[in-house]
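S.K.: sequence unknown, structure follows:
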Ligand code: ADP
């Protein structure tokens, strides 16, 4: 990873989203400053974070005192307080924080954050809703869309892909998908090659155009 100075992330808003994010960053070895206006929340989570502070981040002075302008990365994890989310995001951008992520609770909110110049805008509920739709209606165990037409899915291997070396199943030519990972019962995922033989019941990871991936998973 980069130099020590770059390993710091500020998370503003320690609600469910902010805390899940902060915990995962801590697990990944990042230094995390968590800030929330709610003192009780900060107290509850302070042991789990490198630093935790109580502050209203719409206050430019408070933001400066916390050293937020010097952070290489910041995440604005304020959701329902839309005005605060917008103000904090614009303050961080004014201070030249190089990478600002912001969470939006509606598409309009997201558009405003993008207009302000937020480098990354996420809509957790919308994105998760779309993802779950693909799981509810089909046989996929997990689904990650990229761009508009490309996706990665985890699924139980359809029978067309099992019983002989992957290269000989010709699934890429006939179904437009590439098998990238395979996991047998009780095992771990490993990469797949043309010689890999998938057994019935194995779980596989496939990529390709969204429609092709879905159709392939639903072959059963
Ligand atoms: P979630 O759904 O992830 O819990 P919320 O929008 O409900 O997200 O809450 C995010 C957190 O942001 C809350 O804990 C709230 O106290 C905090 N917050 C809201 N406004 C500010 C602000 N101006 N400065 C700091 N923290 C704030």
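M.R.: Received, thanks. Everything numeric here is computed off the predicted structure, so don't read it as measured data.
S.K.: Now do whatever residue of the chain ends up closest to the ligand against residue 37, distance only.
M.R.: Across the chain, the shortest distance to the ligand (Cβ to the nearest ligand atom) belongs to residue 15, at 2.1 Å. From N, CA and C alone the C-beta is placed, and that goes for glycine too. Residue 15 sits at a distance of 11 Å from residue 37 (criterion: Cβ to Cβ, to the nearest Å).
S.K.: higher neighbour count, those two?
M.R.: residue 37 (19 against 16; other Cβ atoms under 10 Å).
S.K.: Which residue, other than its chain neighbours, is closest to that one?
M.R.: residue 56 (4.7 Å; Cβ to Cβ, 6 or more residues apart in numbering).
S.K.: List the contacts of that neighbour.
M.R.: 37, 62, 84 (Cβ atoms under 8 Å, 6 or more residues apart in numbering).
S.K.: Residue 74 too?
M.R.: Applying Cβ under 8 Å, 6+ apart, the residues contacting residue 74 are 9-12, 68, 92, 97, 99-101.
S.K.: looking at this, it is in a strand?
M.R.: Yes - counting by DSSP: H, G, I helix; E, B strand; the rest coil, residue 74 is found in a strand.
S.K.: Got the confidence number for it?
M.R.: Model confidence at residue 74, given as pLDDT, is 98.
S.K.: nearest residue to it other than its sequence neighbours?
M.R.: residue 10 (4.2 Å).
S.K.: if we can go back for a sec, doesn't residue 81 make contact with the residue of the chain closest to the ligand?
M.R.: No - the criterion here is Cβ atoms under 8 Å, and residue 15 misses it with residue 81 at 10.0 Å.
S.K.: Which positions in this protein make contact with the ligand?
M.R.: 12-18, 35-38, 41, 56-58, 77-81, 84 (Cβ under 6 Å from any ligand atom).
S.K.: Of those residues, which belong to helices?
M.R.: If you go by DSSP state H, the residues of the chain next to the ligand have 16-18, 41, 84 in helices.
S.K.: What is the nearest of those to residue 123?
M.R.: Nearest to residue 123 among these: residue 17, at 11.0 Å, using Cβ to Cβ.
S.K.: Nearest residue to that closest one in space, please, no chain neighbours.
M.R.: residue 77 (5.1 Å).
S.K.: Kindly report the same for residue 202.
M.R.: residue 157 (4.9 Å).
S.K.: Can you tell me how far the one you found is from residue 220?
M.R.: For residue 157, the distance to residue 220 - Cβ to Cβ - is 10 Å.
S.K.: hmm, back to that, what about burial for the residues of the chain next to the ligand, which qualify?
M.R.: Using 16 or more other Cβ atoms under 10 Å as the burial test, these include 12-15, 17-18, 35-37, 41, 57-58, 77-79, 84 as buried.
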